[in-house]
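Asker: quick one: sequence and predicted model below, then my questions.
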Amino acid sequence: MVAKVAVAKKTTAKKSTEYTGTKKIENATAPAKDPRRVAAAKKARATIKAKAAAKLKKTTASKKGTKKAGKKSATKAKGPKKPYAPSAFFIFSADNRAAIKKSNPAFKITEIASELGKQWRGLSADKRKTYDAKAAAGKKKLGL
């Protein structure tokens, strides 16, 4: 009894063939696997698993305290919030916002801000000086 050994090939959807790693032997019920191919496949799987574990370990170690692994934060560390004095326009806005809202109750926030800007641009120099003086007093009070 002479056994003929033929290499089994697998055809994929792309009409290409690839070696399956099995040998077809006549007069045998199950195909025998090529031991060299089996050993190579096990080694390749072990290598892939080791690389994935190393990558996972590296990314989890570098994620401590950052949003993305491997990237440094572009913003500087923030210190305590510095005090600031409102500008002359903000003081003017605070004084006149309620009057605009009362005369135009349907206005949205953006429309109110737009109207305040128009009034500020049309304000006389004498009235602006009073708001500039209030802004300067606020800066002096904060030591700025």
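Answerer: That came through fine. All values reported here derive from a predicted model rather than from experimental measurement.

Asker: can we go C-alpha only for contacts and neighbour counts from here?
Answerer: Fine.

Asker: next structured bit after the lengthiest helix in the chain?
Answerer: Longest helix of the chain, by residue count under DSSP state H: helix 35-62. Heading C-terminal from helix 35-62, the first helix or strand you meet, by DSSP states H and E, is helix 88-103.

Asker: put the alpha carbons of that following helix into CSV.
Answerer: Provided in CSV are the C-alpha atoms of helix 88-103 (Å, rounded to 0.1, in the frame of the first residue of the first chain):
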residue,chain,number,x,y,z
ALA,A,88,-15.8,100.5,31.3
PHE,A,89,-18.0,98.8,28.7
PHE,A,90,-19.0,96.0,31.2
ILE,A,91,-19.9,98.6,33.8
PHE,A,92,-22.0,100.4,31.3
SER,A,93,-23.6,97.1,30.2
ALA,A,94,-24.5,96.2,33.8
ASP,A,95,-26.1,99.6,34.3
ASN,A,96,-28.2,99.5,31.1
ARG,A,97,-29.0,95.9,30.5
ALA,A,98,-32.1,95.9,32.7
ALA,A,99,-33.6,98.9,30.9
ILE,A,100,-33.1,97.4,27.5
LYS,A,101,-34.6,94.1,28.7
LYS,A,102,-37.6,96.0,30.1
SER,A,103,-38.3,98.0,27.0
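
Asker: so for it, what gets flagged as buried?
Answerer: 88-89, 92-93, 100 (16 or more other Cα atoms under 10 Å).

Asker: quick one: contacts of it?
Answerer: Helix 88-103 is contacted from outside by 107, 112, 115-116, 120, 128, 131-132, 134-135, using Cα atoms under 8 Å, 6 or more residues apart in numbering.

Asker: now swap in stretch 107-124 and tell me
Answerer: 89, 92-93, 96-97, 100-101.

Asker: can you give the domain ranges for this protein?
Answerer: 5-57, 88-142 (automatic domain parsing).

Asker: that's all I had, so thanks and see you.
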